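Asks: mind folding the following:
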Amino acid sequence: MNWTIISTEQEYGRALDRLELIFDSTPKDQTFKEAELLAMLIENYELEVEPIFPDPDPIEVIKFKMEQNNMRNKDLAEIVGGKSKASEILNKKRKLTLKMIRQINKILGIPAEVLIGEYELVK
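Replies: Modelled structure (predicted):
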């Protein structure tokens, strides 16, 4: 059988079914190279469809870092410029500003790439 890059759920299902049949191939078997190829094609498809490491939620990362450092909301308030801002940020009612991102990055050591990530505000 000629295999190509997997691009649909149907192709993915066929590849999984075939791999299940030939999975126990040994290097002596004619199906061994096909099994290796299918494993790579399936892995590639799975990484494209659902990456192993999704982008972290910036606010959850801040909360985690605060917990690790035994910080309270008042500690974050000093970093972001006030209790109400800290509360709104932690409750996802306010977006982080560039100034806040710089301060959080500098003080908490959270990478700016994480802090600029997308997250939904609560209404």
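
Asks: now the helices for the chain?
Replies: Along the chain, the segments classed as helices by DSSP state H run 9-22, 32-49, 58-68, 73-80, 83-90, 98-108, 112-115.

Asks: as CSV, these with mean neighbour count, mean pLDDT and distance to Trp3 would be great.
Replies: C-beta coordinates here come from the backbone N, C-alpha and C atoms, glycine included. Listed next are those as CSV, based on neighbours: other C-beta atoms under 10 Å; pLDDT from 0 to 100; distance: least, C-beta to C-beta, whole Å:
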stretch, mean neighbour count, mean pLDDT, distance to Trp3
helix 9-22, 14, 94, 7
helix 32-49, 14, 92, 6
helix 58-68, 16, 96, 39
helix 73-80, 16, 96, 52
helix 83-90, 17, 96, 49
helix 98-108, 16, 96, 45
helix 112-115, 16, 94, 36
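
Asks: any idea how far the residue in the chain sticking out farthest from the centre is from Pro111?
Replies: Computed with C-alpha atoms, centre = their mean, the residue of the chain farthest from its C-alpha average is Lys28, at 39.2 Å. Separation of Lys28 from Pro111 (C-beta to C-beta, to the nearest Å): 49 Å.
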